[in-house]
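Novice: Whatever this is, show me its structure:
(chains A and B)
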2 protein chains.
Amino acid sequence: MGTEIKTGRRMTRIVKKPDERREEIIKAARELFHTKDYDKTTMQDIMDALNIAKGTIYHYFSSKQELLEAVVEDMVDEEYRKKEALMKSGRVKGLPAMEKLRVLITESGTGPETERILDTLHHPENYEMHTKQLGRYITKLAPLWAAVFAEGREQGVFRVEHPLECAEFILAGAQFMIDVGFYPWSESQINRRLRALPRLLESQLGVPAGTFDFINEKQEGKK
Amino acid sequence: MGTEIKTGRRMTRIVKKPDERREEIIKAARELFHTKDYDKTTMQDIMDALNIAKGTIYHYFSSKQELLEAVVEDMVDEEYRKKEALMKSGRVKGLPAMEKLRVLITESGTGPETERILDTLHHPENYEMHTKQLGRYITKLAPLWAAVFAEGREQGVFRVEHPLECAEFILAGAQFMIDVGFYPWSESQINRRLRALPRLLESQLGVPAGTFDFINEKQEGKK
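Specialist: Have a look, this model is predicted:
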């Protein structure tokens, strides 16, 4: 778009590839949204942190909201990469499908530092972004689950005819039912759904009752 | 709030109970949102249609968006009442649970006149409302589905331990996966999910493969 600044000390930065620059802005924003909170962070804070000009940041992101969207995408992408690496790791690779699925469910790909940013999505003005995030999450993560479902089918432990759609259905349904960011569900609604979730997954995958009880053990452990 | 107008020809209207007045405004708005389109309807149009003053309409609804929200709630409530009546009707009441479920899925409680209004929810600025609508839909409609699931369990045809949560899971999951209003899914994503949906429901309810094939027959019939 030709908004690059061609004079002074910023010359050294201009050589950066656009993708690299964009990523640098996202990382700085993510850091600030976490340490300072999204609401308290300004575009100026991000410019200061990177020592870049207004024209540079607005070349990539027209608003703080757009930057939040990119940060959230970045978080989903990171979770995907981490979980993909986990599935390919020596520790997990050779496990039976059911054990792989347990790892996928219980071992989060993101750290606690993402939670403050995700909380931002629970603000009513960010519903749109939250919905987009779930859509992106399903699109990126469901294939990882689907691969484990297909493996389990070959091993004779899961009964699942459409692994990918099954994964999408589980991710979408479970998330919508238990995330108060999408809808102001009451605590009792969330609790009774969490209690039912293992049975719902067991039916979906055709495994014996009790197989997914570890989900609630994990939830209770969290409190 | 004391904004009623106490003089002139509107005196006759003041005797209306607040609930009645509110409903009257919702009905008029719903009619106009359908015939004229939401975007083209103004608050003034609604005031003109009902011959009410600005103070009266704004006493109940602070904006056209708030009125749209009430219209959408009204549509969900109407669908609930119609489907509840259908389930209790002489034609359906005595049917086996599986037949009742088929009626619940294939016979819509709303007419084609609601579709134009629902299309409004697919505008990006109405994501929040769309999400709320799905939440409300689940809260209102899932108990009807759950009653049929529980009946089918007693009849030995459905395997379902948590009928209500199972209904919520199905409604949330299926809706999120196949509604482009929530996420801009591609046509091929929607199509492959529609093809998988019967098997997903069959697994969830523990019924033989093929039981829910009528869902896609209905979809194809629609095109």
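Novice: Domain-wise, how is chain A divided?
Specialist: Domain assignment of chain A by automatic domain parsing yields the ranges A:8-60, A:65-222.
Novice: Show me what the lengthiest helix in chain A is packed against.
Specialist: Once chain A is assigned using DSSP state H, the helix that runs over the most residues is helix A:127-154. If contacts are counted by 3 or more Cβ pairs under 8 Å, 6 or more residues apart in numbering or on different chains; DSSP states H and E, helix A:127-154 sits against helix A:64-88, helix A:97-106, helix A:163-178, helix B:127-154. Heads up, the C-betas are built off the backbone N, CA and C, glycines and all.
Novice: Out of the domains of chain A, flag the one nearest residue B:201.
Specialist: If you check each of the domains of chain A against residue B:201 by Cβ to Cβ, domain A:65-222 wins as the nearest, at 9.4 Å.
Novice: Now the helix or strand harbouring residue A:22: buried residues?
Specialist: Assigned by DSSP states H and E, residue A:22 belongs to helix A:18-35. By neighbour count with 16 or more other Cβ atoms under 10 Å in any protein chain shown, helix A:18-35 contains the buried residues A:21, A:24, A:25, A:26, A:28, A:29, A:30, A:32, A:33, A:34.
Novice: who touches the residue of chain A found nearest chain B in this structure?
Specialist: Per Cβ to the nearest Cβ, residue A:173 is where chain A lies closest to chain B, at 2.8 Å. Neighbouring residues of residue A:173 by Cβ atoms under 8 Å, 6 or more residues apart in numbering or on different chains: A:200, B:169, B:170, B:172, B:173, B:174, B:176.
Novice: If any of these are buried, put those into a PyMOL selection.
Specialist: Listed next is the PyMOL selection for buried residues among the contacts of residue A:173, using 16+ other Cβ under 10 Å:
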select buried, (chain A and resi 200) or (chain B and resi 169+170+172+173+174+176)
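Novice: For chain A, which residue occupies the most central location?
Specialist: Closest residue to the average C-alpha location of chain A: residue A:76 at 3.3 Å, with Cα atoms, centre = their mean.
Novice: Quick check, that residue in contact with residue A:140.
Specialist: Yes: assessed by Cβ atoms under 8 Å, residue A:76 is found in contact with residue A:140 at 5.7 Å.
Novice: Now for residue A:108, how many residues are close by?
Specialist: Neighbourhood size, residue A:108 [other Cβ atoms under 10 Å in any protein chain shown]: 11.
Novice: pLDDT score for it?
Specialist: Note on residue A:108: pLDDT of 75.
Novice: residues in contact with the closest residue to it other than its chain neighbours?
Specialist: Distance criterion Cβ to Cβ, 6 or more residues apart in numbering or on different chains; nearest residue to residue A:108, sequence neighbours excluded, is residue A:79 at 7.8 Å. Contact analysis of residue A:79 by Cβ under 8 Å, 6+ apart lists A:108, A:109, A:110, A:137, A:140, A:141.
Novice: Looking at the residues you listed, which one is closest to residue A:187?
Specialist: Among the contacts of residue A:79, residue A:108 lies closest to residue A:187 (Cβ to Cβ), at 22.2 Å.
Novice: Could you check how far that closest one is from residue A:118?
Specialist: According to Cβ to Cβ, to the nearest Å, residue A:108 stands 12 Å off from residue A:118.
Novice: repeat for residue A:96
Specialist: Taking Cβ to Cβ as the measure, residue A:96 falls 32 Å from residue A:118.
Novice: higher neighbour count, these two?
Specialist: Between residue A:96 and residue A:118, counting by other Cβ under 10 Å, residue A:118 is the more crowded of the two (15 against 12).
Novice: Would you mind measuring from the nearest residue to residue A:77 once chain neighbours are set aside to residue B:162?
Specialist: Ranked by Cβ to Cβ, 6+ apart and with sequence neighbours excluded, the top spatial neighbour of residue A:77 is residue A:140, at 6.9 Å. Taking Cβ to Cβ as the measure, residue A:140 falls 29 Å from residue B:162.
Novice: Neighbour count: the two, which is higher?
Specialist: Each of residue A:140 and residue B:162 has its neighbours counted (other Cβ under 10 Å); residue B:162 has more, 21 against 17.
Novice: From residue B:205, how far off is that one?
Specialist: Residue B:162 is 12 Å from residue B:205, where distance means Cβ to Cβ.
Novice: what's near enough to touch residue A:118?
Specialist: A:72, A:75, A:181.
Novice: any idea which element it lies in?
Specialist: Counting by DSSP H and E, residue A:118 is part of helix A:115-120.
Novice: chain center to that helix, what's the gap?
Specialist: Its chain's average C-alpha position is 11 Å from that of helix A:115-120, according to Cα atoms, centre = their mean, to the nearest Å.
Novice: buried stuff in it?
Specialist: By neighbour count with 16+ other Cβ under 10 Å, helix A:115-120 contains the buried residues A:117, A:120.
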